[in-house]
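Trainee: Structure, please.
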Amino acid sequence: MRIDPEDLRGHYASLSDEGLLDIDRSDLAPVAQGIYDQEITRRGLDHPPEQEVEAYHRPLPIFKAGADRDFASELRADTDDGPPPAWLGDAACPWSAYIYPDGDYMVTGAEVQTALRDAGIPNRIVVKPPEPEPPSTSRSLYCVMVPGDRGAHACSVVERRVFNRIAEAEWRSQLEAFSDEELRALNPEDFWGALLDRAERMKRAYVDEIARRKLPPAAR
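Mentor: Numbers count the residues shown, from 1 in each chain. Below is the predicted model of the structure:
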């Protein structure tokens with residue numbers, strides 16, 4: 001049976017924070033995982049308070065990331081154990097995930113770190129333990145942190161190198177589930193037209209601001 005993304009979005013949006021976090025992400029299909037992650041991010045449930053970042057730093061074990069590529073073996077020394085870097089107190093978090101039993105957060109985290117490393121962005125793992133008092137979650141939060149002034153660039157790198165690839169795989173999986181008639185009747189703009197429109201608007205806003213200040217275009 002084909003998954004209806006809109007039905008899933010409506011279902012997840014109707015849940016309380018506690019109900020949403022009680023879902024075992026590893027039990028979901030790839031399409032559902034992507035929609036679930038979007039709802040978690042929309043509610044801000046995937047980011048720790050900035051002032052608690054340094055206090056909860058601790059290293060995580062090395063692991064096998066998968067058959068296609070061992071991302072963990074590619075990580076640089078700046079993600080190993082050692083004194084917290086000076087920038088950690090004012091860090092940004094381009095990606096985080098709650099720790100579930102048998103979850104794939106470490107595999108995704110290693111891929112995120114590798115993408116950041118390839119872009120020349122320092123990063124560090126931080127694990128924030130559960131808060132002792134309700135209504136906080138009982139799950140720890142696994143975070144990949146970067147220098148605060150590199151936050152916007154890091155988010156773009158992670159989206160492009162990691163989650164755009166995941167979104168493409170999910171989109172291909174959805175398309176494979178359509179019948180010939182459904183596929184021919186499909187208008188792709190109904191699915192990703194808004195993303196293209198957003199990108200164009202953001203580019204236009206930048207160009208307009210450069211022009212308003214009468215600045216020369218930035219070198220690329």
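Trainee: number of nearby residues for residue 198?
Mentor: Residue 198: 10 surrounding residues under other CB atoms under 10 Å. Where C-beta positions appear, they are placed from N, C-alpha and C, glycine not excepted.
Trainee: try residue 33
Mentor: A total of 16 residues lie near residue 33 under the criterion other CB under 10 Å.
Trainee: tell me the pLDDT at it?
Mentor: Here the pLDDT value assigned to residue 33 is 75.
Trainee: three-state assignment of the residue most central in space within the chain?
Mentor: By CA atoms, centre = their mean, the chain has its centre lying nearest to residue 95, at 4.5 Å. The three-state label given to residue 95 by DSSP: H, G, I helix; E, B strand; the rest coil is strand.
Trainee: residue contacts, it?
Mentor: 46, 108-109, 112, 143-144, 158, 162 (CB atoms under 8 Å, 6 or more residues apart in numbering).
Trainee: Dump the residues you listed to JSON lines, plus neighbour count, secondary structure and pLDDT.
Mentor: Compiled in JSON lines, the contacts of residue 95 are given as follows (neighbours: other CB atoms under 10 Å; DSSP: H, G, I helix; E, B strand; the rest coil; pLDDT from 0 to 100):
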{"residue": "46", "neighbour count": "17", "secondary structure": "coil", "pLDDT": "62"}
{"residue": "108", "neighbour count": "21", "secondary structure": "helix", "pLDDT": "84"}
{"residue": "109", "neighbour count": "26", "secondary structure": "helix", "pLDDT": "85"}
{"residue": "112", "neighbour count": "24", "secondary structure": "helix", "pLDDT": "92"}
{"residue": "143", "neighbour count": "24", "secondary structure": "strand", "pLDDT": "88"}
{"residue": "144", "neighbour count": "26", "secondary structure": "strand", "pLDDT": "91"}
{"residue": "158", "neighbour count": "23", "secondary structure": "helix", "pLDDT": "92"}
{"residue": "162", "neighbour count": "19", "secondary structure": "helix", "pLDDT": "90"}
